[in-house]
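> just a sequence and a predicted model for now, questions to come.
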Amino acid sequence: MHALNDVHQQFAEYFGIPALKPYAYLLSKKLSEGHICLHLDQLTASADDLPAYYHLLPGGSQSLETLPLVGKNGDDRQPFVLYQNRLYLQRYFRYETGFLQRIRQFLAEEQAQLPQRLALLRQHKAFISRLFSNPGNGSAGASEDLADWPLAAAITGILHNFTIITGGPGTGKTTTVAKILSLLYTTNPALKVALAAPTGKAAARMAESLRQTTLPLEAPILEKFQALHPSTIHRLLKPVAGTHYFRHNQQNPLSYDVVIVDECSMIDVALFAKLLDAIAPGTRLIMLGDKDQLASVEAGSLFGDLCLAQPILNQFSAERLALINEFIEDDRYRLPESHISHQHEHPLFQHLVELRRSHRFTGHTGIGSFSKAVIGNDAAALQQFLPPSRDEQVVIDPLYSNDLFEKFIAGYAAFITEKDISSALKKMNALRVLCAVREGEQGLYAINSRIEKWLDSKKLIQHTVPFYENRPIILTRNYYEHGLFNGDTGIIRANKQGVLMAWFEDSTGTLRSIMPGYLSEAETVFAMTIHKSQGSEFDEVLVILPPIANSPLLTRELLYTAVTRARKRVYLQGSGETILEAAQRVVERASGIAARFQPGSSTLIS
Ligand SMILES: Nc1ncnc2c1ncn2[C@@H]1O[C@H](COP(=O)(O)OP(=O)(O)OP(=O)(O)O)[C@@H](O)[C@H]1O
């Protein structure tokens with residue numbers, strides 16, 4: 001008898017079926033690593049994770065079908081489901097199936113609307129051409145892809161009920177949404193629009209950038225933009241207290257005409273399934289995100305999976321390409337014919353557009369080039385940034401210089417010495433230290449405490465009580481009762497009565513305070529994990545990588561996400577070797593999304 005000191009083993013043993021145990025063990029392990037299922041045709045690779053006392057079935061994965069507790073199509077209510085050579089837990093299979101079914105419903109529902117929407121587009125041709133008259137001078141990278149992808153994305157969003165717009169930082173996703181909304185508001189001033197994102201910060205950022213639009217719009221439309229209210233996905237769906245359910249679901253869908261969801265790469269499979277469930281397929285759903293970013297901490301990388309479900313992005317039928325080009329007056333920005341595809345069978349064909357020109361990172365140096373080199377695993381380009389590089393925006397420090405660290409954290413004095421709380425919050429969010437891991441010398445806990453000690457030594461803080469004055473905090477769970485959400489950042493400051501309170505800004509920029517004692521789950525946020533930094537941006541970041549070679553945690557997505565949090569400058573403490581290794585390491589999360597979307601494959605369970 002082996003000691004049950006491993007949760008995956010406990011899970012495997014629970015079902016008491018010897019032949020099932022190794023599969024249950026591997027599945028449990030995969031789920032803990034963010035996969036939705038276990039790929040049975042990749043078992044040889046996973047078998048290394050199996051303890052020596054478990055043995056896979058000699059007859060291969062086919063023999064799994066004969067085992068009790070393994071259902072074949074999800075309808076037989078067994079704890080495990082075997083489908084298209086993937087083993088799922090029933091719950092995850094249902095989420096994945098529900099997600100795919102719902103997308104199919106959106107795609108089916110929009111068909112009847114297309115002729116009318118096409119007519120609407122043509123009717124407003126002058127307006128659209130004016131909005132898109134300037135595709136900008138952003139950096140398209142080495143390929144110099146000048147095509148006006150934002151216009152292609154906008155036309156996609158206007159024609160369809162289901163649209164995905166993916167792109168790196170500053171590629172114009174929000175601006176494109178502003179343009180889509182401008183047209184939709186023009187044609188229907190009573191349009192009901194919901195803006196949501198997985199974190200309050202990301203939702204607020206999207207709303208703020210929509211409100212600050214510089215598009216040449218008429219006053220009534222600008223007023224509509226001012227009235228847009230962002231919310232987290234949780235708040236939009238209205239959680240039922242004490243359960244995992246939401247008040248909005250298939251029986252009680254949200255009553256909006258358009259739902260826009262940003263930072264979709266952060267949404268896990270369960271929340272994605274519930275979100276789609278709560279949106280009636282007659283609604284226009286526009287999902288924004290960066291397919292190259294880290295996936296959710298929980299299971300699933302559905303946004304990335306959807307983006308990768310088709311082998312080539314930005315392909316259109318000849319007819320659609322010609323339609324888009326009708327709106328582009330300048331020949332240089334027209335979509336070239338090389339983007340015509342005759343393979344129209346994929347259900348997501350023409351529903352997904354990748355924006356490729358960054359308006360934030362222009363030119364060929366700095367954060368834009370570095371992040372492209374990370375995503376492209378371009379070792380030669382990455383090497384250019386290693387010392388003695390003198391790049392203005394990307395500074396790599398393999399020696400973990402104390403001087404650099406202290407100079408960076410000295411920047412925190414700006415918010416600490418700022419009297420006005422709103423301004424202090426803004427200054428606090430102008431820079432951030434990002435850690436790849438929580439434990440160890442370069443981990444979150446040690447770095448936060450090192451920063452606190454240094455600031456204490458400079459008399460900038462007095463770290464005598466847990467909620468000391470000027471402690472920056474991040475919430476690690478939702479506090480619905482206080483309208484505060486996981487990922488919200490605040491600051492401890494005294495109120496007029498001299499009582500130390502936690503201060504937060506809501507999505508409209510209004511300050512609110514709460515007794516810190518209510519916030520049982522809050523962490524110090526001089527430094528935060530790269531995972532938690534998703535959905536936020538800072539002028540400057542200091543990324544601290546652990547000095548260990550071959551860490552499975554250091555992946556391309558992690559490094560890319562960290563670097564692209566910075567708007568102006570990124571400092572990276574870590575060796576060149578660690579950076580090159582991270583750029584090489586891609587973690588693909590197992591799911592059935594791409595396979596179940598293949599033409600001819602049945603998405604639906606029988
Ligand atoms: N066609 C354009 N020409 C010039 N500037 C543009 C254009 N489109 C967007 N921008 C500017 O580029 C910046 C980034 O645009 P936007 O916020 O829409 O990008 P995003 O992809 O949503 O970025 P984020 O990664 O922050 O979500 C904004 O300042 C915006 O005004």
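All right, it came through fine. Note that this is a predicted model, so its numbers are computed, not measured. Residues are numbered from 1 along each chain as shown.
> what segments of the stretch 1-150 of the chain are strands?
37-39, 70-71, 80-83, 86-89 (DSSP state E, counting those that start in this stretch).
> what's the closest of the ones you listed to the ligand?
Among these, strand 37-39 comes nearest to the ligand, with 30.6 Å by Cβ to the nearest ligand atom. All C-beta atoms are positioned from the backbone trio N, CA, C, and that covers glycine.
> residue numbers of the stretch 151-300 of the chain in contact with the ligand?
Selection of the stretch 151-300 of the chain residues close to the ligand by Cβ under 6 Å from any ligand atom yields 167, 169-175, 209.
> dump those into TSV; add neighbour count and pLDDT as well.
Output for these, formatted as TSV (neighbours: other Cβ atoms under 10 Å; pLDDT from 0 to 100):
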residue	neighbour count	pLDDT
167	23	94
169	21	88
170	22	88
171	27	91
172	24	91
173	26	95
174	22	93
175	22	92
209	15	89
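> what residues are up against residue 377?
By Cβ atoms under 8 Å, 6 or more residues apart in numbering, residue 377 lies in contact with 556, 583-584.
> start and end of stretch 393-400, how far apart?
For stretch 393-400, the first and last residues are 18 Å from each other (Cα to Cα, to the nearest Å).
> hmm, who's touching that stretch?
Taking Cβ under 8 Å, 6+ apart as the rule, stretch 393-400 contacts 365-367, 370, 385-387, 389, 404, 442, 544, 547, 563, 566, 568-576, 579.
> list buried residues within these.
365-367, 370, 385-386, 442, 544, 547, 563, 566, 569-576, 579 (16 or more other Cβ atoms under 10 Å).
> inside helices: which ones of those residues?
If you go by DSSP state H, these have 366-367, 370, 563, 576, 579 in helices.
> in CSV, list these along with distance to the ligand and pLDDT.
Formatted as CSV, these follow (distance: Cβ to the nearest ligand atom, whole Å; pLDDT from 0 to 100):
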residue, distance to the ligand, pLDDT
366, 15, 90
367, 12, 94
370, 16, 94
563, 13, 96
576, 27, 94
579, 22, 95
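> leaving out sequence neighbours, find the closest residue to the residue of the stretch 201-350 of the chain found nearest the ligand.
Closest contact between the stretch 201-350 of the chain and the ligand, by Cβ to the nearest ligand atom, is at residue 209 (5.0 Å). What sits nearest to residue 209 in space, not counting adjacent residues and going by Cβ to Cβ, 6 or more residues apart in numbering, is residue 174, at 4.7 Å.
> you'd agree the one you found is up against residue 260?
No. Using Cβ atoms under 8 Å, residue 174 makes no contact with residue 260, being 9.1 Å away.
> which neighbours do the two have in common?
Among the neighbours of residue 174, those also in contact with residue 260 (Cβ under 8 Å, 6+ apart) are 206, 288.
> one step back: show me what contacts the residue of the stretch 201-350 of the chain closest to the ligand?
174-175, 178.
> in what helix or strand does it lie?
helix 200-211 (DSSP states H and E).
> CA atoms of that helix as PDB?
Extracted C-alpha coordinates of helix 200-211, given in PDB (Å, rounded to 0.1, in the frame of the first residue of the first chain):
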ATOM      1  CA  GLY A 200     -12.200  45.200 -12.600                       C
ATOM      2  CA  LYS A 201      -9.000  46.900 -13.600                       C
ATOM      3  CA  ALA A 202      -9.100  45.600 -17.200                       C
ATOM      4  CA  ALA A 203     -12.800  46.500 -17.500                       C
ATOM      5  CA  ALA A 204     -12.200  50.000 -16.200                       C
ATOM      6  CA  ARG A 205      -9.300  50.500 -18.600                       C
ATOM      7  CA  MET A 206     -11.400  49.600 -21.600                       C
ATOM      8  CA  ALA A 207     -14.200  51.900 -20.500                       C
ATOM      9  CA  GLU A 208     -11.800  54.700 -19.800                       C
ATOM     10  CA  SER A 209     -10.200  54.400 -23.200                       C
ATOM     11  CA  LEU A 210     -13.700  54.300 -24.900                       C
ATOM     12  CA  ARG A 211     -14.800  57.400 -22.900                       C
END
